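**Q** the sequence and its predicted three-dimensional model are supplied below.
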Amino acid sequence: MSKRKSGSLSERHNKRVRPAEDEDEEEDDGGISDDQNDPLLSQVQRAGDIESDAGIVESITLKNFMCHSLLGPFAFGSNVNFVVGNNGSGKSAVLTALIVALGGNAQTTNRGSSLKGFVKEGESSADVSITLRNRGRDPYKPEVYGQSITVDLRITREGLRTYKLRSKSGQIISSKKEELMCILDNFNIQVDNPVSVLTQEMSKYFLHSKGEGDKYKFFMKATQLDQMREDFIYIKTTKNVTQDKVVQHSEHLKDIRQMFREKEERYKSLASLDEMFTKLEELQKQMAWALVTEMEKELEPMKEKLQSDTRLTDKYDEKVEEWKHKIEEAENKYKQIQERLEAITQQVQELQAPCAEFKAGAQRHNHQVKSSEFTVHLCRATLRDLEKDKAQLSSRINDLKLSISQTSGAESQARTEHMEQIKAELENLTHQISTLGQQTDQYQHACVRLKEKKEKIRAEQMILQRSIDTNEKNKKILMSSRSNRLRRFGEHMPALLAAIEEGCKRGRFKHKPRGPLGHLISLKDPELALSVEVCLKNLLLAFVCDNHDDEKVLQGLMTTVLQKGRRPVIITSKFLPRVHDTRRKAVNDPKYPSVLQALDIEDPVVANCLIDQRGIESILLIKNRTEARRVMQGGSPPQNCTQAFSQEGDQIFTNRTYSAEQTRANYLSGDVEEEIRHLQRDIENQRAQKTQFMQQTEKLDEELRQNEGLLKRVCMEQKATKDKATKLQLELTDLQNVEEPQSEDLNPLEEDLQEIVTKISSKQEEYEQARAHLSNMKASYEEAEQKYKQLKEQINTIREEADPIKDELSKTDQEVMKSKHHRKHYEEKRQAHLLNIQSLEANVESMTRKLEASLSKATEICPERQEIRRTAKSLDTEISRLKVKISTQQEQQGDREEIVRQYSEALKNYKNVTQQVKSLNTFIKCLDNIMNRRLYVYAELRRFLSARCKYYFDNMLNQRGYTGSMTFDHKNETLSITVHPGQGNKSDSGDMRSLSGGERSFSTVCFVLSLWAITEAPFRCLDEFDVYMDMVKRRISMDMMLKVAAGQLSRQFIFLTPQSMGTLPVSKIIRILRLKDPDRSQNNTPANQDSG
């Protein structure tokens, strides 16, 4: 494992040059001269600081990628980079991450068939972050990204991949892969090009393959000539498809030409029917003016009716204004009462702020009391432990004095001192464990308390959400009931009643069912809507059937129409033609009506059902809640009265009272808009309360996280302390088991005893102070709690004063609603009257427009008005007879307009197809010319790149005294390479298969370097290029690659190798990234970085 990271700069320099004797001997054995005599070293050392091109890799970081938890961050140099490490250290993982993060697919890496295989086992996702340089030549949107672009890739366990493109400042600019493709195109980065990124598997397939066709494919892929060839094939296919279309159009053109000639001959031979058309035109002129005369006669009585109805509008306006004035008076009274109530509410709100402060102060003092109690408890426990320690230490000193008198020896005394030291440390650890245990209990108690409080708020929030959902549902029902009152009783109620009507028409019912019952009753006093609704409850939605057969049919209809939700109740009771006689059992009070008396029920079946099911004849309706309690619970309730309901919906019996759960009437209220406004206000208040609950929950979550974090930390510290105490106890037991008597020095123990005595005195003072502080805190808490309770009682007193004002406000609100109801009644009448007038006006206007249109049309047909004595009907009969005559003649020789139309269409179609064939021929000719020129350029480019590749390949071989040749056969798509290792071996066979593994790898390096010289890319990656080389070939290849890199300082080179690379020359352009050996138990593998 490398120690370079912890070394100094001088040590790094020494390790880079490697002047050790064993390394010199190794180089002598390989025939390689020392670095000081190598001309390459001076060339690399003289390489100046040249700004690299945009697009090189600045850094890369891997997390949970393949089998590594963390790799990196790796900071790459701008020119030559060596990634060094043993097998399994993560070299190939870095290269694979580079390919995948820059848009490559899993197959390109040859490391798996799917991206999900790159996620470490047991993890949900893998992350790769790559930073590309964005300065120098041709940067990409430097004003947006800055001097660097960071590509963040996340691969999920399901194989999904997401990108985040960040600027140098860390801001996310885009998350689209299209933007990444634009960046790669701008920098000319091609991770699937083996010249840019050459993996081990790609090298084995193309370079180490013995097939000449594979090397040719590698050359074509590296120079992107194969892509050009595929484009040419696609263009040729497109051309063939176009030629097929031209042939089809040419064949179709012959048929079109023949059809056109037939239509042309028929058009030329067409005879005219001018005389009959002239007579028809004259009759049509007379017909036009005859229609005008009849419409003028029809319009006159409509205008007289409109004038008569317009004069009646003033009467309705007066009634509407009268009730508007009454509404204003009631609203003014309502505002005055509301202002009184708001003043009281304001007073309550002003007191709530100091009340909240007092409550918070009381809670704060309570927390301080608990903290002080904890401190007192801790001091008491510490004193108790110190007293115990004092007794134990005194006993120990006495025992040791006795032991020292009996034994002697330096070894025994040392052992005894060590044992005392361990005991003292054990005592300290015991005290520490006790303190940590108390802290653990405190934090656990805090966590439990916060969780209980959070659960309580969550339960309240769920209740509030159900209330919001109910109000939203009621609001939706009310809004839909604007156009149809039946929708108040359910969204599907109109459809159910329609189905019942249809069933009655078909004779499926013996007697038509009645329902919903709430739709068939009406209130005499709108103020009693809530009390009646609470009294009847589910009966408002119920249906009544005469017999069980009708009940079964109705249940079937409900099953079909009401597939979801609760179904209404069906009551089966014999239909009677008269209402029950309830004079004996009914309640008769001169002041208060019964439910039966408060309702208008036209259908006796509905009235009998409510009497039978609910006993509405014996239930009183008393508006005032206090009055209702006095009447029912005063000792002498009215005769036959079983219960009473107040205006607020409270149910009062003679011995008990129940409050209503709902506050507004849902089914029987008169003013729908007012109900909607009330519901909207309730919903807004509930949503505000929900927001407060959410804020409280977030605050509790934050406190819970803090306490759980502290609890976890204390538990870990307690466990570590217990483990340490256990080890010391074992060590103490071993020392005590020694049979040799020990003598110990009593001075340290006596000093410890004196120190404990001092601590006891100090801790006693601290304990007394804590007790005094606790008493003060309790007094402060009691004082704050008393202030809070007093202010709370004051607020409750003020709220009780507001109850009668609220009752008065509710009564005034009912007066306003009643006045609005009357105003709405007259407004509806006036609106109906106005609608009638508007309808008349619209009819008059429509008839006038028709008259004007008819007059305009008649003028257009015949400019001079004609006095027509014939009716429009007689003229229409004659026109029809003449048209039949013209049609009969046209059937014999064809319709004139149809013939003209067919001729025009045939001519147009013939010209269009002719033009299409001509255009396609021109396109094919142009495409042929372009293809010929491009194929010529393609051949020249292939020849030029082949020649350059040969030249650079020969040059690379000649630099080390090798000879060889590179033969391209573009016709058979083969590439033959022959290499002679030395001048004296020219007569030997130069076939690559006859070379050793190292010589073949060296030749492969020369081939790759020659391809590098003829292609462009910002960076080049090479994985284990020297795997089959000996030390000599490896050094030669290394020198060649460093020489190429020194000549291309604007490019970046990344080499992956298992070799140490310690013999490399020191240079600014060289950086070595050393990976740690793989740790099978933990794969966190950061790297040490050395730069030349």
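**A** Thanks, I have the structure now. Numbering: from 1, shown residues only.

**Q** so in the chain, which helix runs the longest?
**A** helix 746-861 (DSSP state H).

**Q** helix, strand or coil for residue 507?
**A** coil (DSSP: H, G, I helix; E, B strand; the rest coil).

**Q** ok, it to residue 548 distance?
**A** 17 Å (CB to CB, to the nearest Å). Backbone N, C-alpha and C define where each C-beta goes, glycine included.

**Q** more neighbours, those two?
**A** residue 548 (10 against 7; other CB atoms under 10 Å).

**Q** and the more buried one, what is it in contact with?
**A** residue 572 (CB atoms under 8 Å, 6 or more residues apart in numbering).

**Q** then residue 659?
**A** 649-650.

**Q** which of the residues in stretch 556-574 are buried?
**A** Going by neighbour count (16 or more other CB atoms under 10 Å), the buried part of stretch 556-574 is 557-558, 561-562, 567-568, 570-571.

**Q** give me the distance from that stretch to the chain's centre.
**A** 42 Å (CA atoms, centre = their mean, to the nearest Å).

**Q** do stretch 567-575 as well
**A** Worked out by CA atoms, centre = their mean, stretch 567-575 lies 50 Å from the chain centre.

**Q** for that stretch, list the C-alpha coordinates in CSV.
**A** The C-alpha trace of stretch 567-575 is given here as CSV (Å, rounded to 0.1, in the frame of the first residue of the first chain):
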residue,chain,number,x,y,z
ARG,A,567,-77.2,4.2,-0.9
PRO,A,568,-80.3,6.0,0.5
VAL,A,569,-82.6,4.2,2.9
ILE,A,570,-85.8,2.6,1.5
ILE,A,571,-88.9,2.6,3.7
THR,A,572,-91.7,0.3,2.8
SER,A,573,-95.1,1.5,4.0
LYS,A,574,-98.6,1.3,2.5
PHE,A,575,-99.5,4.5,0.6
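
**Q** give me the contacts around it.
**A** By CB under 8 Å, 6+ apart, stretch 567-575 touches 490, 511, 513, 515-516, 538-539, 541-548, 551, 554-555, 558, 605, 608-609, 612-613.

**Q** so which of those residues are in strands?
**A** Mapping these onto strands (DSSP state E) picks out 543-545.

**Q** please, a ChimeraX command that selects the buried ones among these?
**A** A single ChimeraX command is used to select the members of the ones in strands among the contacts of stretch 567-575 judged buried by 16+ other CB under 10 Å:
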select :543,544,545
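
**Q** derive a PyMOL selection command for the buried subset of the contacts of stretch 567-575.
**A** In PyMOL, a selection of the buried entries from the contacts of stretch 567-575 looks like this (16+ other CB under 10 Å):
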select buried, resi 490+513+515+516+539+541+542+543+544+545+546+551+554+558+605+608+609+613
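
**Q** low pLDDT regions in the stretch 251-400 of the chain?
**A** Along the stretch 251-400 of the chain, segments meeting pLDDT under 70 span 265-275.

**Q** mind listing the helices for it?
**A** 274-310, 313-406 (DSSP state H, counting those that start in this stretch).

**Q** packing partners for the one helix or strand residue 620 maps to?
**A** Residue 620 belongs to strand 619-621 when assigned by DSSP states H and E. Here strand 619-621 touches helix 529-536, helix 595-598, strand 643-645, going by 3 or more CB pairs under 8 Å, 6 or more residues apart in numbering; DSSP states H and E.

**Q** surely residue 195 is within a helix?
**A** No - under three-state DSSP, residue 195 sits outside any helix and is assigned coil.

**Q** any idea of the mean pLDDT in the longest helix of the chain?
**A** The pLDDT scores in helix 746-861 average 79.

**Q** what angle separates that helix from helix 274-310?
**A** 120 degrees (axes from the mean of the first three to the mean of the last three CA atoms, to 10 degrees).

**Q** helix 746-861 to helix 313-406, inter-axis angle?
**A** Using the same axes, to 10 degrees: helix 746-861 against helix 313-406 is 160 degrees.

**Q** ok, then the element right after helix 746-861?
**A** Per DSSP H and E, the helix or strand that comes after helix 746-861 is helix 872-893.

**Q** give the other helices and strands that the next helix or strand after that next one contacts.
**A** Using DSSP H and E, the helix or strand that follows helix 872-893 in sequence is helix 896-958. Helix 896-958 is packed against helix 225-268, strand 963-969, helix 997-1014, with contacts defined by 3+ CB pairs under 8 Å, 6+ apart.

**Q** can you do 10 Å?
**A** Contact partners of helix 896-958 among helices and strands, from 3 or more CB pairs under 10 Å, 6 or more residues apart in numbering; DSSP states H and E: helix 212-222, helix 225-268, helix 872-893, strand 963-969, strand 974-980, helix 997-1014, helix 1031-1047.

**Q** contacts for the strand holding residue 620, please.
**A** Strand 619-621 is contacted by residues 525, 527-528, 531-532, 535-536, 586-587, 589, 591-599, 628, 631-632, 637-638, 640-647, 651-652 when judged by CB atoms under 10 Å, 6 or more residues apart in numbering.

**Q** run through the stretch 501-650 of the chain and note the low-pLDDT ranges.
**A** Across the stretch 501-650 of the chain (using pLDDT under 70), the flagged ranges come out as 563-565.

**Q** all helices of it, in order?
**A** Using DSSP H, counting those that start in this stretch, helices in the stretch 501-650 of the chain cover 529-536, 548-561, 595-598, 604-614, 625-633.

**Q** distance to residue 496 for the ones you listed - can I get that in CSV?
**A** Formatted as CSV, these follow (distance: least, CB to CB, whole Å):
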stretch, distance to residue 496
helix 529-536, 19
helix 548-561, 5
helix 595-598, 26
helix 604-614, 17
helix 625-633, 37
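
**Q** tell me which of the ones you listed lies nearest to residue 81.
**A** Distance to residue 81, taken as CB to CB, is lowest for helix 548-561 among the helices of the stretch 501-650 of the chain, at 75.6 Å.

**Q** tell me how far the closest one is from the chain's mean position?
**A** For helix 548-561 - counting by CA atoms, centre = their mean - the centre lies 46 Å from the chain centre.

**Q** okay, that helix in PDB with CA atoms only?
**A** Below are the C-alpha coordinates for helix 548-561, written out as PDB (Å, rounded to 0.1, in the frame of the first residue of the first chain):
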ATOM      1  CA  HIS A 548     -91.800  -5.000  -1.300                       C
ATOM      2  CA  ASP A 549     -91.900  -5.700  -5.000                       C
ATOM      3  CA  ASP A 550     -91.500  -2.000  -5.700                       C
ATOM      4  CA  GLU A 551     -88.700  -1.900  -3.100                       C
ATOM      5  CA  LYS A 552     -86.800  -4.700  -5.000                       C
ATOM      6  CA  VAL A 553     -87.100  -2.800  -8.300                       C
ATOM      7  CA  LEU A 554     -85.900   0.400  -6.700                       C
ATOM      8  CA  GLN A 555     -82.900  -1.400  -5.100                       C
ATOM      9  CA  GLY A 556     -82.000  -2.700  -8.600                       C
ATOM     10  CA  LEU A 557     -82.100   0.800 -10.000                       C
ATOM     11  CA  MET A 558     -79.900   2.100  -7.100                       C
ATOM     12  CA  THR A 559     -77.400  -0.700  -7.800                       C
ATOM     13  CA  THR A 560     -77.200   0.400 -11.400                       C
ATOM     14  CA  VAL A 561     -77.100   4.200 -10.900                       C
END
